[in-house]
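sequence unknown, structure follows:
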């Protein structure tokens, strides 16, 4: 297919973390207004709207009225979980290419954290306790929520390829090193692999420092045609390729759960569309809900052979000064947790050359991943500060 000339022209980010003074909808409205201001575009010129409501479902298309938007040509609520940000940018790009809209705001907003309620409770799944029949077997065995699912995936990778907890710890350390350079990151204290090993178990083999943050807040991006984006306030970030992968596994005998993810299909599609190979990518912004997710996604994208992710990450390749700069804002492990908007927002900052002390010199091609469910959904974007030739 002919790749449309579309670009991200605006980025809006609210306060993020333990912020309790706004609802998800209020966060979302603020983020869209910030994205429009960032682009130098009046909010009234937005004629497309895509909304990802997060886990709490506190935002929907009703924010159109809160923003005062009239006569939209394109609008939808998108729920592909952590892969939604990449899916929204792809849908916005297609809508612009089809003439359905000229400027599409894509927003993720969520406020699962509550005062005096544990962070873990924000992602608890009470429905899993009452599933009938065979669907309830996992819950009966204590496998409740995403922590248990990702622990099983990580353990299978370890058992199959010899991946170690210390190698996962190296990912946590490199990500924290990047976070220390990001003023917006929530966790900026230095850590070591020993700190990772000494952090408490969440679900074996995952320690606390293997697991991402949970944050309240919102991030929005504004997608428009490339020529228009190049005339606006901020450097345009062009969308060269996109892809998705949704394995639909049943977790039964013969499944490759934990070994191969939707990133394999999604990454191939996005890089094929962009006309690039893994070795041409300068910056990797990987959805890192867990350290293991970073490792398996890098394998599936082709940055190393299957099973060699542990060796790849162990020598500091992902951190500042490493050969494969990855999750340069601190990711979701140490930066902030805005689902797929975490890697996307940092990718935009890197592609614009506006990352300050953490700026990667070779930023001509930036890869962005999104992951949803327990390895159930995946999206990939290839972005660049230059239009596709």
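Sure, I can see it. A quick note: this is a predicted structure, and the numbers were derived from the prediction, not measured.

residues contacting the residue nearest the centre of the chain?
Using CA atoms, centre = their mean, the residue of the chain that lies closest to the mean C-alpha position is residue 340, 2.6 Å off. Going by CB atoms under 8 Å, 6 or more residues apart in numbering, residue 340 touches 52, 82-86, 108, 287, 368, 370-372, 379. Any C-beta I mention is one placed from the backbone N, CA and C, and that applies to glycine too.

Not counting residues beside it along the chain, what's closest to it?
Distance criterion CB to CB, 6 or more residues apart in numbering; nearest residue to residue 340, sequence neighbours excluded, is residue 85 at 3.0 Å.

Could you check how far the one you found is from residue 161?
Distance, residue 85 to residue 161, using CB to CB, to the nearest Å: 29 Å.

Those two: which has the busier surroundings?
Taking neighbours as other CB atoms under 10 Å, residue 85 and residue 161 compare with residue 85 leading, 33 against 18.

and that one, how far is that from residue 91?
With distances taken as CB to CB, residue 85 is found 11 Å from residue 91.

quick one: the strands in this protein?
Counting by DSSP state E, one finds strands in the chain at the ranges 6-13, 48-52, 74-77, 103-110, 201-203, 206-207, 217-225, 237-245, 283-285, 366-372, 377-384.

List the strands paired with the fifth one, with their directions.
Okay, so that is strand 201-203. In the sheet, strand 201-203 lines up against strand 206-207 (antiparallel) (DSSP bridges).

what's the average pLDDT for the strand it pairs with?
For strand 206-207, mean pLDDT rounds to 98.

And for it, what's in contact with it?
By CB under 8 Å, 6+ apart, the residues outside strand 206-207 that reach it are 147, 150-151, 154, 165, 168-169, 196-197, 199-201, 290-292.

distance between it and the chain's centre?
20 Å (CA atoms, centre = their mean, to the nearest Å).

and if you look at stretch 267-281?
From the chain centre to the centre of stretch 267-281 is a distance of 18 Å (CA atoms, centre = their mean).

Enumerate every residue touching residue 46.
Here residue 46 is in contact with 32, 36, 67, 69, 72, 103, 104, 105, 222 (criterion: CB under 8 Å, 6+ apart).

Need the residues you listed in JSON lines (columns: neighbour count and distance to residue 282).
Below are the contacts of residue 46 laid out as JSON lines (neighbours: other CB atoms under 10 Å; distance: CB to CB, whole Å):
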{"residue": "32", "neighbour count": "29", "distance to residue 282": "29"}
{"residue": "36", "neighbour count": "23", "distance to residue 282": "29"}
{"residue": "67", "neighbour count": "17", "distance to residue 282": "35"}
{"residue": "69", "neighbour count": "19", "distance to residue 282": "36"}
{"residue": "72", "neighbour count": "16", "distance to residue 282": "36"}
{"residue": "103", "neighbour count": "25", "distance to residue 282": "28"}
{"residue": "104", "neighbour count": "28", "distance to residue 282": "27"}
{"residue": "105", "neighbour count": "33", "distance to residue 282": "28"}
{"residue": "222", "neighbour count": "31", "distance to residue 282": "24"}
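
Of those, which is the nearest to residue 228?
Comparing the contacts of residue 46 against residue 228 with CB to CB places residue 103 closest, at 7.8 Å.

pretty sure that closest one contacts residue 42?
No. Residue 103 lies out of contact with residue 42 (CB atoms under 8 Å); the separation is 9.8 Å.

could you pull out the helices for the stretch 1-150 of the chain?
In the stretch 1-150 of the chain, the helices defined using DSSP state H, counting those that start in this stretch lie at 24-39, 63-67, 84-97, 137-140, 145-161.

So which of those helices is nearest residue 123?
For residue 123, the closest of the helices of the stretch 1-150 of the chain is helix 145-161, at 6.2 Å, according to CB to CB.

Which parts of that closest one count as buried, going by neighbours?
Going by neighbour count (16 or more other CB atoms under 10 Å), the buried part of helix 145-161 is 145-158, 161.

in the stretch 151-300 of the chain, which segments are predicted with low confidence?
For the stretch 151-300 of the chain, the stretches with pLDDT under 70 are 251.

Now with 50, please.
Filtered on pLDDT under 50, the stretch 151-300 of the chain yields no residues whatsoever.

Cool, thanks, talk later.
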